[in-house]
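Engineer: Please find the sequence and the predicted model below.
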Amino acid sequence: MDAMTLMMLVVLIAVFYFMIIRPENKRKKAAEQLRNSLKKGDKLTTIGGIVGNIVQVNDDTIIIETSDDRVRMEITKWAVSTTGVQTSTDPKAQKKESKPSDEVPEEPAAPAVEEKSAEEEKPADGGEKKPWDPEV
């Protein structure tokens, strides 16, 4: 191999490291730190979308209370997505909320309903249509 090919290979490995491997390791470390810093009373959202308050913290699991009815669930720490209530990250939803409008939004039009004639309602064999007959 000549020097140019070797240099290109080193640059490619460096790009992979700084663009893929290093940021992923940072995300993993931040998630682990978040899970280790959980304490009683924190509000959290799980990866499944369940929102609740922490009641008890164990080594590998936590117990959360999900509603005013005192429903308690035991979940593993790795299932915690964020602390606090997670909101939509959809830019369109944020744009609509932040833009006040004096206009009244239009109601969506009702879908058109096709009416069948009496001839279409009858079965092909000419007999009466029964409720259990399949549509043709």
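Structural biologist: Yep, it's here.
Engineer: now Leu44, what's its secondary structure?
Structural biologist: Assigned by DSSP: H, G, I helix; E, B strand; the rest coil, the conformation of Leu44 is strand.
Engineer: Look up the closest residue to it, ignoring the ones flanking it.
Structural biologist: Residue nearest to Leu44 in three dimensions, not counting chain neighbours: Thr83, with 5.0 Å by Cβ to Cβ, 6 or more residues apart in numbering. C-beta coordinates here come from the backbone N, C-alpha and C atoms, glycine included.
Engineer: Tell me the pLDDT of that neighbour.
Structural biologist: The score at Thr83 is 83. That number is its pLDDT.
Engineer: Would you list the phi and psi of it?
Structural biologist: phi -90, psi 150 (degrees, to the nearest 10).
Engineer: What's the separation between it and Met4?
Structural biologist: 50 Å (Cβ to Cβ, to the nearest Å).
Engineer: hang on, the earlier thing: doesn't Arg35 make contact with the residue nearest to Leu44?
Structural biologist: No. Between Thr83 and Arg35 there is no contact under Cβ atoms under 8 Å: 9.8 Å.
Engineer: okay, Thr76: pLDDT?
Structural biologist: Value for Thr76, per-residue pLDDT: 94.
Engineer: Contact partners for it?
Structural biologist: Neighbouring residues of Thr76 by Cβ atoms under 8 Å, 6 or more residues apart in numbering: 60-62.
Engineer: Tell me, how many residues neighbour Ala14?
Structural biologist: Applying other Cβ atoms under 10 Å, we find 10 residues neighbouring Ala14.
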